[in-house]
Every structure is written in structure tokens, then in C-alpha cells.
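what's the 3D shape of this:
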Amino acid sequence: MYQTLMNQLREALAGYIREKYGVELAIVLERPPKIEMGEAASPACFELAKRLKRAPRQIAQEIANGLGKVEGIARVEVAGGGYLNAYFDRGAFWEGATQESIEEKKEKTQRKDSEIAEKSGKTQREEAAGGRLGKVIVEHTSINPNKAAHIGHVRNAVLGDTMVRILRHVGNRVQIQNYIDNTGVQVADVVIGFLHMEQRTPIGVKMMSQEPKFDYYCWDLYAKATSFFAEDKARAEKLRGETLRAIEEGKGEDAEVAQVVADAIVGCHLRTMARLGIGYELLARESEILHLHFWDAAFAMLKKSGAIQLATGGKMAGCWVMPWEEEVKEGKEVKIKEEAAEEEENTQDKIIVRSNGTVTYVGKDIAYQLWKFGLLGKDFRYRKWPNTPEGQTVWATTSEANDPAAPHFGEPASSVYNVIDARQAYLQKVVAAGLRALGHAREAEHSIHLSYEIVALTPRCAAEMGYELTPEEARKPYVEVSGRKGFGVKADDLLDKLEAATIEEVRQRHAEMKAEEQKLTAHAIAVGALRFFLLKFTRNAIIAFDFKDALSFEGETGPYCQYAVVRIRGIRRKGKESGATDGVVTKESVSQLLGGVEGNSLWELLVTAGSLDYAVDAAIATQEPAFLAKYAFQLAQAFNNFYHKHHILSEADEQKRAFLLRLTEWVEAQLVKALSLLGIEAPEKM
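Below is the predicted model:
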């Protein structure tokens, strides 16, 4: 509702300025710091003053006097040196926000979300535009299938899943992909661990893969392999090279074990993420990029265009590289960003094919990105992934026969979001540079790297998880994790610990609950706590995870937001039992109640509740789900302040009581919707 009025005001101002002054101006609207200053403010007159060579306040007065009626806006006033402050029509805002019953709104939202999720027909936005806008691909999670998922992987998955929910909410057709690097170095290291360190047979590894916690076993084996390679770097280079080539070619015991390990670990990852309400539509496996000759097609295109060159000297002799450099200008200096210390001789070149003929991650990723945009002239074959979590249908690429029932995954995307941590920023820029070098500038521009920083642990959290810290580590603000060293918090361990802590609290508060209900409630709170904790920080912030901070019912946490919904539902239950919910809200009573000092506080809550669309648009424009998390917290906080100021059910004035109850229901609907977009369920009791 809030964003709708902002858009109407923006269009009205732009149109009036164009007509009166002959100037095309992008109208910026801000939210004033105090409700007494209105709901929207524009500094447009300051920019206009520069072009017209006139005083900004004088121009502002002309616009305020001549703008005319804007639907939903009560008046526009001049403030300060030339700001235009707009005041919403409070009665009209209330009517627009509550013209449908709460239940009708819920049903409408559920129908819309279901239609979008099933991708049936054109969305409302596409119909309004008169044609198809194309699909959006969000690739997230993409964990190396060589060990258990850890908390850093959870941040990736939660960010990606939330972006999917937000993009679908506004009408986009979104396809969720999870890239499976089943031919990479990390898988090769575990294969070497099984075959060379532990001397196991392929059948032995296959039997082990069917046991519970196989991903935990591989976690430890991967750490041991890292130490094994460190003892003899020449041995490591030789073994890795031979194993990688065998895996890429799909030949021998190395390839057989690699497939067993990768497939089993992917199954573990799917089950882990399902606990957080996260699912996927397509598992795009790296092996098919090789076996279905995606890479061969991309390699030919890159060579033909001159985008890559064969290095004939230096440390990169025999490698195919992409000559490319990133210049970072600071004043008069130009610095070349180095990707890694070992590539200091040719920092402007990126290896696409190693001298031994194996393809690097970035080379395969260029081929994958070309396919996403429909630029490769090839398509995968598909099959259903076996043993998916209950209620999920997941498809995967395959080198075998195509399942004719598979959805059409190969439709070109209009935009691609790749959720990959910030340490891969350089490689993502190389992928975009590859697209540009092939003449696909638009697709490079729409290749969006949704980057994020690492998740570390507070020293207290690390100690709780059983890790021994040195005195120096214990004094640090956070302790970094390392998969190669086996140091970190496994995602399942984290969820288990959160649920164990939560269920004890639920049992103490609600002994009357059945055991299954207690378990489901504890799960909802634990998931809400974790997801909210990971989403409330901006993507460029390093997160230091802490159990106590995440599970707190106070402050900026998931349980705090969930509890606001639980409190509202309690009010509704009591109101229904006592008959206090009876009463009609008239337009006249609303106008009266929203006036004066008390009315301002009620109006602030109403505007906050009606600003969900504003928060969603901000999250999409900035690619920051943190805006939505902040909105949910602010709405919960505003409601709690309202709750402590007003005796809702015991209010003597029938009109006012009816208004307070309707306002409460509106807040509930908006908060539940916001939490749902964050992937958080609001339980009935806490």
C-alpha cells in the first residue's frame, strides 16, 4: 500500500515537472524522520533549481500550489529550503489496506503464490506488460559434494531461498538451481582419501555411503587428506592430476568412487536443507557439462572469438588463459587486483584450461552460464533425483536417457542470480568477462553475483560446540571456520542444538502440549531463529554466530518477531471467546481515531504494516534481504509498543475497540506474510 502511493506521487511529480518546466527528472522520494513531517519527502526541487537557475523553495511552492489532486495524498507542503513533503490521506489508506477481509487476503496470497510456484501461464506482471518477461534463475547452495554442509553453506542457501521467495512474490517466474561440482578437486581429495589413504574398494565405499552420517565421515576424511597432501606437495599434485582426469573422463575406480561419494553427499545436503524449508528444482551436475560436451562447445566458441589464448611461456605455459585485468582507480594510481599469490607473474590472465588438459571451475562455469542464457545451442538431459526429501520433486541433469516428463529447464533466462561467497568475486567477474568477450554484453550485465561474507563463530559458541581454543582465539571477536581443517559447525549439528535448546523452553512453557506439537513448535522457533539471524545482517557483513543471541526472545531476533504473531493470535482467541470482536468500523470513526497525538501513534503502526511492498521493492533493488528482515522486526516492535499502550479487548468504546482489533489483524497478516518471505513460520504458541 505504501509503495503504491509512493509510485503514484512519483509519477505525478515527474509529469507535472515535465509539463510545467520541460524537464525530465528522476524523482527521489524519502521517508521523513518524524510522522509529523508527512509520509514522503522529495528533494527534487534542489536538482530542478540547478537547471532552472532559481531558488528551490520558490519552485517547491509553485509545485505544491499547482500539482493538483493525487489519489491517496491529502496534501503536499513545502518544508525547509525546498523539500516537498507529502501527507497521505489516512482514511483512504485505511480503506485501501483493509477493504478485503483478512481471510480473503490470505486466500488470495496463497492462490497467487501457488500459481507462481507452479509457473502456470503468464503472471499478472507479464500480462500487464503485454508479453513474457522471461524467467529468472537463482542458483544457490552449490556445496562441494565431498562433506557435510556447514553454517557458511546455510547462509548461502538461506539467502538464495529468500531471494526466490521475494522475486516470486512480485510476480517473477523463478527457477531454482543447485550446481553440483561432482568433478572438482574437493571430490578428488576424498576419493584419494578412500582409495589411497584407507585402501578401500569401490564396493566398500558404496556400502559405507548408505550408512547414516556418511557426510560426517567424509568431513573428517577430507581434513585428513589435506594433512596427507601437505606432507608431500609433489605427491599431491601428481595424485590430484591423475584423479581429476579420471573423474572428468568418467573412467576407472576413481570415477566410480567419485560418483558414489558425490551422489550420497548430495542426498545428505538435500535432507539438511529441507529441515530449513529449502528445496530445489534442478541439480545441474558438472559431470554433464563435460560428458554432454557443453564445455567442448564453449571451448570452441572461446577459441574462435579470441577470448582465450594458449600461454607459451612462464608458469602458465601450456594453459589456455583469458587475458583480462581489473583496474581499481584510486586517485591517480591504478592497481591490478591479484587473484592469488601463485599467479603473481600473470595476474591479468585467468586459467581456463590447465596445462594437463583438465578444465578449471571457471571454465565450466562459463559454459554453464552460456547455457542458462540459451547461448550454447545445447541442452541437458534430465532425470528425477532419487530419495528426495518428503514432499519434494527434484530433477537432475544426466548423461543417460532423457526423461520425457522432465520440465523444460532449457528456456533462456532473462536474469541469473549466482549466490556465491565474496571470495569468489574475481572468478565471477571472469565469467562475466567471458560472456562479454563472446559478444553477450546484455547477458553479462544480467549475470548477478549475489555475494556474501563468511560466517564465523563467537568464541563462546565455538566452546559450546566442543572446540578447544587457544587463549588468543578466545579473545578474538570471532573464530573462523575451515572445512579443509575440519573446523566448523556442521549444519545438522547446529539445527540439532538449536532444536534441543528450544524444545526445553517449549516444554516448560507448554506442558499441556502433545509431544509432537512441542517438537513442531520447537522446530519452527529454531528455524526462525537461524534464518532470521543469517538474514538480518547485510551481505557484506561477517557474521559471528552465537546460540544465545540467535535464540533470544528479545531484540532483533526471529523468535521476537514470531512471538508478536503469537501474541496477536492470543488476543484474537480471547476476543472471540468474550465476544469483544463484534463491532463495525466506520470511515468517520477511523478519521477521528487517526487524528491527534494518540492518532499519530496508531497511524505509525498502520503505515508500518502497510509498508511491506516498500520493503520488498528495496530488497530486490539492492539485492539485500536484510531490508525485509529489518521490516519484520520494526513491525513486530511497533506492534509490541502499541500492545503495551492500548487495552485492546477491554476498551470501553465499541468503535475504538473494533478499530484496534481490525488494526491488530492487519498487522498479523502483514507480519505473517513478511516472515513467510523470510522462510519463517509463525507457530500458534511459544
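
doesn't residue 322 belong to a strand?
Yes - the assignment for residue 322 is a strand, going by DSSP: H, G, I helix; E, B strand; the rest coil.

which helix or strand contains residue 50?
Assessed by DSSP states H and E, residue 50 sits inside helix 44-52.

other residues contacting that helix?
With contact meaning Cβ atoms under 8 Å, 6 or more residues apart in numbering, helix 44-52 is reached by 13, 17, 21, 23, 25, 27-28, 55-57, 59-60, 63, 81-84. (Glycine included, C-beta is placed from N, CA and C.)

could you turn the buried ones of those into a PyMOL selection?
Here is the PyMOL command that selects the buried residues among the contacts of helix 44-52 (16 or more other Cβ atoms under 10 Å):
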select buried, resi 13+17+21+25+27+56+57+59+60+63+82+83+84
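
run the chain-centre distance for the helix holding residue 50.
38 Å (Cα atoms, centre = their mean, to the nearest Å).

in it, what counts as buried?
Buried-residue list, helix 44-52, by 16+ other Cβ under 10 Å: 44-49.

now stretch 531-545
Going by 16+ other Cβ under 10 Å, stretch 531-545 has these buried residues: 531-537, 539, 543-545.

next one: stretch 502-513
Here stretch 502-513 shows 502-503, 505-506, 513 as buried, counting by 16+ other Cβ under 10 Å.

between those, which sits nearest residue 615?
Nearest to residue 615 among those is residue 502, at 27.1 Å by Cβ to Cβ.

what does the pLDDT read for that closest one?
Looking at residue 502, its pLDDT stands at 92.

and residue 573, by the same measure?
pLDDT for residue 573: 87.

and after the host helix or strand of residue 238, which helix or strand comes next?
Element membership of residue 238, judged by DSSP H and E, is helix 233-249. As assigned by DSSP H and E, the chain's next helix or strand after helix 233-249 is helix 252-274.

what's the next secondary structure element after that next one?
strand 282-285.

so which other helices or strands are in contact with that following strand?
Counting contacts by 3 or more Cβ pairs under 8 Å, 6 or more residues apart in numbering; DSSP states H and E, strand 282-285 packs against strand 174-180, strand 395-398.

quick one: which of the ones you listed is nearest residue 672?
strand 174-180 (21.4 Å).

tell me the strands beside the closest one, with direction?
Using DSSP bridges, the strands paired with strand 174-180 are strand 135-139 (parallel), strand 282-285 (parallel).

ok now the helix or strand following the longest one, how far from the chain's centre?
In the C-terminal direction, the helix or strand that comes right after strand 135-139 (DSSP H and E) is helix 151-169. Relative to its chain's centre, helix 151-169 lies at 3 Å (Cα atoms, centre = their mean).

now the strands paired with strand 174-180 in CSV, with mean neighbour count, distance to residue 223 and mean pLDDT?
Listed next are these as CSV, based on neighbours: other Cβ atoms under 10 Å; distance: least, Cβ to Cβ, whole Å; pLDDT from 0 to 100:
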stretch, mean neighbour count, distance to residue 223, mean pLDDT
strand 135-139, 23, 27, 97
strand 282-285, 23, 25, 98
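
among these, which comes closest to residue 182?
strand 282-285 (5.5 Å).

contacts for the closest one?
139, 175-180, 182, 266, 368, 380, 382, 385, 394-398, 409.

try it again at 7 Å.
175, 177-180, 182, 266, 368, 385, 394-397, 409 (Cβ atoms under 7 Å, 6 or more residues apart in numbering).

how about the strands in the stretch 501-650 of the chain?
Under the criterion DSSP state E, counting those that start in this stretch, strands of the stretch 501-650 of the chain are mapped to 543-545.

low pLDDT regions in it?
580-583 (pLDDT under 70).

repeat the analysis, applying 90 as the threshold.
Scanning the stretch 501-650 of the chain for pLDDT under 90 picks out 501, 504-505, 545-555, 572-601, 646-650.

list the buried residues in the helix or strand encompassing residue 382.
Using DSSP H and E, residue 382 sits within strand 381-384. Judged by neighbour count (16+ other Cβ under 10 Å), strand 381-384 contains these buried residues: 381-383.

what distance do you get for residue 65 to residue 319?
Per Cβ to Cβ, to the nearest Å, residue 65 is found 69 Å from residue 319.

okay, the two: which has more neighbours?
Using other Cβ atoms under 10 Å as the criterion, residue 65 and residue 319 rank with residue 319 on top: 23 against 10.

circling back: turn the buried residues of helix 44-52 into CSV, columns for distance to residue 578 and pLDDT.
Output for those, formatted as CSV (distance: Cβ to Cβ, whole Å; pLDDT from 0 to 100):
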residue, distance to residue 578, pLDDT
44, 51, 94
45, 53, 95
46, 55, 95
47, 56, 94
48, 57, 94
49, 59, 95
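
out of the residues you listed, who's nearest residue 404?
residue 44 (56.9 Å).

so, if you compare the buried residues of strand 381-384, which one comes nearest to residue 256?
Nearest to residue 256 among these, counting by Cβ to Cβ, is residue 383 at 18.9 Å.

does that closest one touch residue 403 like I think?
Yes - taking contacts as Cβ atoms under 7 Å, residue 383 lies within contact range of residue 403: 5.0 Å.

where's the residue nearest the centre of the chain relative to residue 619, distance?
The centre of the chain sits closest to residue 159, judged by Cα atoms, centre = their mean, with a distance of 2.4 Å. Distance of residue 159 to residue 619, given as Cβ to Cβ: 11 Å.
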